[in-house]
Structure formats: structure tokens, C-alpha cells
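**Student:** What shape does this take:
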Amino acid sequence: MKSAYQKYKNTSVQSASREKLLLMLYEGAIRFVKQAIKACDERNIADRGMYIGRAYDIILELNNTLDHEVGGEIATRLEQLYMFMTEQLTQANISGEKKNLEDVLRLLTTLHSGWKEAIENLKKGEVVNK
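**Tutor:** The predicted structure is shown next:
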């Protein structure tokens, strides 16, 4: 039987807007990379691999949702960043070095902040135009 928290979490994801889902994906990837860094510090290879795998899956999902027809150059640049991040995660998983994870964390944090600001500006623009 699902816990109340799990039911709440499922409902919040299912009812979220596309913009909110995007931010949630970034937040999840950031959380998993931070957990992988912690696992590196603790020399916990199993947890490191699990958390890197989860972050990797999220980044692949972000890449798969890119619309190159609509996004054009931005979508291409994001794809390049996502591929770079997946390479860094793979290297971190193989080597156990947390520098690769820290590089991915910086990129994810920067992208999350940029998307969050863009979404806020879009919402402000929608309110002004109404």
C-alpha cells in the first residue's frame, strides 16, 4: 500500500504544469548529484552508482524532451550540455572522482536558476498582457 507521502508526491507530479515539471526534474537531478557527491565522500560505491544513475536518467529525459524545431539553437546548445553532463556522470561513476559530479552540479544549478527566472518572467509577462 502506498504511503500518504507517496500519494501526495504522485498527485503533485500529475497535476504540475510543464514549467513546474521541468523545474522538478532539475531539482531531482541536483538532489541526486549532491547525494552522489556525499556517497563519494563516504566511499560508498553502491550509493554513488545508484545516485549517479538516477541523475543520468533525469538528464536523458531532459534531453529527450527537447524540441529542436521550436527551440532551434537553444535546443542544440542544451543537448550539447546534457551530453556533456552524461559523459561527466559516466566518468564519475567509473573513477569515483567527485570533481566530475561537482561540474555537473554547477551546470544543473545554473540551468535551474535560468529556467526558474525565465518562467517567472514569462508569468509576469502573461499577467501584464492580460
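**Student:** Quick check: residue 42 vs residue 109, distance?
**Tutor:** Distance of residue 42 to residue 109, given as Cβ to Cβ, to the nearest Å: 22 Å. C-beta here means a position set from N, CA and C on the backbone, and glycine is covered the same way.
**Student:** Kindly apply the preceding question to residue 118 instead.
**Tutor:** Taking Cβ to Cβ, one finds residue 118 at 15 Å from residue 109.
**Student:** Neighbour count for the two, which is higher?
**Tutor:** Ranked by neighbour count (other Cβ atoms under 10 Å), residue 118 and residue 109 place residue 109 first, with 15 against 12.
**Student:** For the more buried one, which non-adjacent residue is spatially closest?
**Tutor:** Closest residue to residue 109 apart from its sequence neighbours, by Cβ to Cβ, 6 or more residues apart in numbering: residue 30 at 6.2 Å.
**Student:** Was I right to think that neighbour contacts residue 113?
**Tutor:** No: counting by Cβ atoms under 8 Å, residue 30 stays clear of residue 113, with 10.6 Å between them.
**Student:** Pick out whichever of these two has more residues nearby.
**Tutor:** When residue 30 and residue 113 are compared for neighbours, residue 30 comes out ahead with 18 against 11, by other Cβ under 10 Å.
**Student:** which residues touch the more buried one?
**Tutor:** Shown in contact with residue 30 (Cβ atoms under 8 Å, 6 or more residues apart in numbering): 105, 108-109, 112.
**Student:** List buried residues within the residues you listed.
**Tutor:** 105, 108, 112 (16 or more other Cβ atoms under 10 Å).
**Student:** Does the first one fall in a helix, a strand, or a coil region?
**Tutor:** Here residue 105 takes the helix state, with states given by DSSP: H, G, I helix; E, B strand; the rest coil.
**Student:** any idea of the pLDDT on it?
**Tutor:** Looking at residue 105, its pLDDT stands at 98.
**Student:** Am I right that it is in contact with residue 31?
**Tutor:** No: using Cβ under 8 Å, residue 105 is not in contact with residue 31, being 10.2 Å away.
**Student:** what residues are shared contacts of the two?
**Tutor:** Counting by Cβ under 8 Å, 6+ apart, nothing touches both residue 105 and residue 31.
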